[in-house]
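Q: Structure for this input, please:
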Amino acid sequence: MSTGLIILFVLLAVIAYVVVVYNKLVSLRNRFKNSFSQIDVQLQRRYELIPNLVEVAKGYMKHEHETLTKVTVARNNASECAKAAAAQPESAGLVNALAGAEKGLMNAMGRFNVVMEAYPDLKADQNMQDLHAELTSTDNRVAFSRQAYSDSVMRYNTYREQFPANLIAGSFNFSEGDLFELQEEEARETMRVSFA
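A: Residues are numbered from 1 along each chain as shown. You can find the predicted model right below:
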C-alpha cells in the first residue's frame, strides 16, 4: 500500500511540475507578445505622423513628387507589416518582414531628409518643426519599446531552452521567440530629421 502511495505522490509531483513550467512558459510568451504590442503602438504613432510630414512638405517641395511618393509607399508597407506582426509576434517571418519594411522606411526618410535640406523655408515652418519634435520623441519610444521586447524575448527563450523546461516546451510546441533586429548598421540608427 505504501509503495502505491509513493508512486501516486511522485506522479502528482511530476504533473504539478509540468503544470508550473507550462504556466511559466505561457506567462513569459505573453509578456513578450505584450512587449511587441508596445512597439506596435509606437510604430503606428510614427506611421500616423509621416503623412502629416509629407503633406506639409508638399507645399514646399512641388518638384519632389517621386521622393514624397517613396516615403508614402514605404510607410504604407511598414504599416501593413506591423499589423501582420502585431497579430502574431511569435512568428519569426513576420517580425523579420517588419524589420525589413522598417529599414525601407528609414531609407526613404533618409532620402526625404537629404532633399528637404534644399528647402530652407520648409525647415523654418513651425508645423514641420512640431512634426520633427513628435517624430523624434516617437523614435525614442520605438527604441525603448524594442529594447523591452528584446529583453522579454530573451527571458522567454532562455527559460524555454533550459533543462527540463525545454522538454516541456518541445512537447507543447512553444516555439522560439524572434528578436526585432534591424539588419544593417545605418538602419539601426534613430531616424534623424534636422531642421537646424
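Q: so how many other residues sit close to residue 15?
A: Per other CB atoms under 10 Å, the neighbour tally for residue 15 reads 10. Using the backbone N, CA and C atoms, a C-beta is placed for each residue, glycine as well.
Q: what's the next secondary structure element after the helix ranked longest in the chain?
A: Ordering each helix of the chain by length in residues (DSSP state H) puts helix 2-60 first. Next along the chain after helix 2-60, taking DSSP states H and E as the criterion, comes helix 65-87.
Q: Quick check: what element follows that next one along the chain?
A: helix 92-116.
Q: so what does that next one touch, helix or strand wise?
A: Contact here means 3 or more CB pairs under 8 Å, 6 or more residues apart in numbering; DSSP states H and E; on that basis helix 92-116 packs against helix 2-60, helix 65-87, helix 185-188.
Q: switch to 10 Å and redo it
A: If contacts are counted by 3 or more CB pairs under 10 Å, 6 or more residues apart in numbering; DSSP states H and E, helix 92-116 sits against helix 2-60, helix 65-87, helix 120-124, helix 126-161, helix 185-188.
Q: Could you tell me the per-residue confidence at residue 91?
A: Residue 91 carries a pLDDT value of 85.
Q: where's the most centrally placed residue in the chain relative to residue 137, distance?
A: The residue lying closest to the centre of the chain (CA atoms, centre = their mean) is residue 39, at 4.5 Å. For residue 39, the distance to residue 137 equals 15 Å [CB to CB, to the nearest Å].
Q: if we can go back for a sec, including mean pLDDT and distance to residue 169, could the helices and strands packed on helix 92-116 go into CSV?
A: Listed next are the helices and strands packed on helix 92-116 as CSV, based on pLDDT from 0 to 100; distance: least, CB to CB, whole Å:
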stretch, mean pLDDT, distance to residue 169
helix 2-60, 91, 6
helix 65-87, 91, 22
helix 120-124, 77, 53
helix 126-161, 89, 5
helix 185-188, 44, 30
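Q: can you redo the ones you listed as CSV with distance to residue 177?
A: Below are the helices and strands packed on helix 92-116 laid out as CSV (distance: least, CB to CB, whole Å):
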stretch, distance to residue 177
helix 2-60, 5
helix 65-87, 12
helix 120-124, 42
helix 126-161, 4
helix 185-188, 20
